[in-house]
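Enquirer: Turn this into a structure:
(2 chains)
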Amino acid sequence: MGERVSRWPARLHVVTGKGGTGKTSVAAALALGLAAGGKRTLLVEVESRQGIAQLFETEPLPYKELRIAQVAGGGEVRALAVDPEEALLEYLDMFYHLGAAGRALRKVGAIDFATTIAPGLRDVLLTGKVKEATTRSQDGKRAYDAVVLDAPPTGRIGRFLNVTAETAKLAKVGPIKTQSDSVAALLRSPISSVHVVTLLEEMPVQETLDAIAELNALRIPVGRIILNATRPALVTAGRVTKAELKRGLAEAGLPTDAGTVTGLATEVKDYLTRQELEETLRAELTETGLPLVELPLLPRGVDQAGLDELAAALMRA
Amino acid sequence: MRTGTQSPSVGSSTDYSGVVGEVLDVDGLLADPAIRIVVCCGAGGVGKTTTAAAIGLRAAEVHGRRTVVLTIDPARRLAQSMGLSELDNTPRQVKGIDGENGGELHAMMLDMKRTFDEVVQQHTTPQRAAEIFANPFYQAMSSTFAGTQEYMAMEKLGQLRSTDEWDLIVVDTPPSRSALDFLDAPARLSRFLDGRMLRMLLAPARSGGRSMFSLVTASFGLFSRTVQKVLGAQLLTDLSGFVAALDSMFGGFRQRADETYRILQDPQTAFLLVAAPERDAVREAAYFAERLVAERMPLAGLVLNRMHRSEVADLPADRSEEAAAELDAAGENQLTAGALRIHANLVRQTEREQRVAATFTDAFPAVPSVSVTAQPADVHDVDGLRTIGALLA
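Expert: Take a look at the predicted model:
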């Protein structure tokens, strides 16, 4: 256990990545992995995509922390879909005891208006809720051992996390300012860590490098780069000759016609081209000096067993 | 007209037995002079921008059309390959393309802020515009409002279409959290700018602080008190200033959004759904297809990007893997064993991709689709785009 804590030392894990890299699956797997050994974790989404519900094949999540998975050893993962309107109402109620007045505000569209016209406000509310869950105590204990946020994609992550700057444009004093300052402090402390999920493809890697540079400039600590869907090297030679393939196929009792041999040779050539490109990209990521975690490609797609496999791989990393 | 740019290795690779239904005839679409707008939409990371650029290139080179590609946030190297180096609201001609058929390719990257500024300038006096530009609300909104990018993409599309100088406009949609945002966000934005809430905020100002409707005044009072509590008084002053300045523009935003929406419903437009063979991307495409059908928008078909294919279709994965294990056990021919494993993985991947793709084609049997074979390396030059265009067509 002690070892695991040192491997994933933060309590708030922010998971970002380009669209299509599997960041929701990775976030879910991390929440599952960190719940092992009787822990309780919270998996949060903030973009009203219901990605968690789709992944776990459940009903759409309400604005409530509900158990979504049990983990061997008595651990559990809860999930929460933060809705900015609900978060604003909760916030107003917490600080101003608005109650019915809050509902009236919603009726006239004020909440919708306030959370939409001031996008910084929206992000403060979303990150504020995440902060609240991360720091919440119950009966003198932490409510959650870890909180994993399925965050907006790399293209929007800097703006999303840089809450202070965005709200400073709009609110110079007042409780929103205070709130955003405290979120900003949490995100820059060792309690939180941003992980970037990528594939070994050019655009996701480029966006990963851009996001890391952006987060560094904002002094928001980046934890790990998570390489998703990696494949083991099956052939290492630079060249495979057809004669060699033909001999091998004959040995294995497979057809050795020209179509099969040429076809296999083409497949190997494409594979090697891809592998070479992947190596270049891997080297670019290594240059950041950040630890890389490799997750295997799941040949059958991400199902429950697949999530467990990813969780185990993350905990080994 | 279809000759010249197609490389020989490419022509034979669009046959996918696993994907049923009609094959999308992209060349037919691009050759049709009645089609003036192609909108590429789909989830993030599926290759929308590449598809849009490849289609634009093919329309220009093969079909001789004067084409403009409107891109939103393209990858740097792809942008560079089209000669785009910065956000620039003016279409630039792409060099190094084959103009033998009389076509031209132009490309531009959307500058959201500048487009917004232009809309404001067109709808109000210079003095009012200056006030609006100086307002912190406007500054925040014009650069960060969720939906501004979609609205401005629509606005730019409307502008490009209204000049009538293009045979074909190819639009790459913004990388939204949902593909549907492209259709919904402009309406949402214009609702906010023109809508009830702003009118209500304005009501007291218009009648010298006293509104005819006490409910409105009460709501406004409650709203302003709350905003004041939460955000501070400065923000309210800025907001009122913003609202008052925008007052002169009421109607303009919604009207423009509505006009563009109507163009999208017109048969001159063709929507191309773009997806990669992944569950989320295909689900997103299905949502979008449902929506296009519901809105009577012209859905031309589905482009399935990055589909893999095996070169040895009659060697099954299991057999291949067993043979690899036998070779390993014998301790020789390790390269062949590796090749057989590569083949087995490829066959399994192909099968999975076709199952995922079939969830769409089963649900929308009437929507034609085309598969584009995954390229071993990423596309970031005109040659690469030409190859993709040939695979599409």
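
Enquirer: Report the secondary structure state of residue A:189.
Expert: Here residue A:189 is coil, with the state taken from DSSP: H, G, I helix; E, B strand; the rest coil.

Enquirer: What are the phi and psi values at it?
Expert: Its backbone dihedrals place residue A:189 at phi -100, psi 170, with angles given as degrees, to the nearest 10.

Enquirer: So what's the residue count around it?
Expert: Per other C-beta atoms under 10 Å in any protein chain shown, the neighbour tally for residue A:189 reads 13. C-betas here are computed from N, CA, C, even on glycine.

Enquirer: Kindly report the same for residue B:351.
Expert: Using other C-beta under 10 Å, residue B:351 is surrounded by 16 other residues.

Enquirer: hey, which helix or strand in chain A has the poorest pLDDT?
Expert: helix A:2-7 (a mean of 54; mean pLDDT, DSSP states H and E).

Enquirer: Now the element after it, going C-ward?
Expert: Stepping forward along the backbone from helix A:2-7, the first helix or strand reached (DSSP states H and E) is strand A:12-17.

Enquirer: Does residue 300 belong to a helix, a strand or coil?
Expert: This is for chain A. Here residue A:300 is coil, with the state taken from three-state DSSP.

Enquirer: my bad, chain B
Expert: Residue B:300 falls in the strand class when you classify it by three-state DSSP.

Enquirer: you'd agree it is up against residue B:274?
Expert: No. Contact criterion C-beta atoms under 8 Å: residue B:300 and residue B:274 do not qualify, at 11.5 Å.

Enquirer: Find the helix or strand that the residue in the stretch 201-317 of chain A that chain B sits nearest to is a member of.
Expert: Among the residues of the stretch 201-317 of chain A, residue A:248 lies nearest to chain B; the distance is 2.3 Å by C-beta to the nearest C-beta. Assessed by DSSP H and E, residue A:248 sits inside helix A:242-252.

Enquirer: From the contact counts, what lies against that helix?
Expert: Packed against helix A:242-252 by the contact rule (3 or more C-beta pairs under 8 Å, 6 or more residues apart in numbering or on different chains; DSSP states H and E) you find helix A:258-286, helix B:317-330, helix B:334-363.

Enquirer: now what about the following helix or strand past the last one, what contacts it?
Expert: Right, helix B:334-363. Helices and strands here follow DSSP H and E; after helix B:334-363, the next one along the chain is strand B:369-373. Outside of strand B:369-373, the residues that reach it under the criterion C-beta atoms under 8 Å, 6 or more residues apart in numbering or on different chains are B:13-14, B:16, B:19, B:21-24, B:26, B:51, B:301-309, B:357, B:360-361, B:388, B:391-392.

Enquirer: Could you tell me which of the residues you listed belong to strands?
Expert: Judged by DSSP state E, the contacts of strand B:369-373 include B:301, B:302, B:303, B:304, B:305, B:306, B:307 as members of strands.

Enquirer: Near the second one, how many residues? Count them for me, please.
Expert: When you say that, I think you mean residue B:302. Around residue B:302 sit 28 other residues, with neighbours defined as other C-beta under 10 Å.

Enquirer: Spell out whether stretch B:33-51 and chain A are in contact.
Expert: Yes. Counting by C-beta under 8 Å from any C-beta of the partner chain, chain A has neighbours in stretch B:33-51: B:43, B:44, B:45, B:46.

Enquirer: how about chain B, which residue sits the furthest from its center?
Expert: Distance from the centre of chain B peaks at residue B:330, with 52.8 Å (C-alpha atoms, centre = their mean).

Enquirer: That one contacts residue B:323, doesn't it?
Expert: No. Residue B:330 is not in contact with residue B:323 according to C-beta under 8 Å; the separation is 10.7 Å.

Enquirer: sorry, back to before: out of the helices and strands packed on helix A:242-252, nearest to residue B:254?
Expert: Of all these, it is helix B:334-363 that lies closest to residue B:254, at 33.6 Å by C-beta to C-beta.

Enquirer: Which strands and helices lie in contact with that closest one?
Expert: Helix B:334-363 sits against helix A:242-252, helix A:258-286, helix B:279-294, strand B:299-307, helix B:317-330, strand B:369-373, with contacts defined as 3+ C-beta pairs under 8 Å, 6+ apart.

Enquirer: what about 10 Å?
Expert: Contacting helix B:334-363 under the criterion 3 or more C-beta pairs under 10 Å, 6 or more residues apart in numbering or on different chains; DSSP states H and E are the following elements: helix A:242-252, helix A:258-286, strand B:269-275, helix B:279-294, strand B:299-307, helix B:317-330, strand B:369-373.
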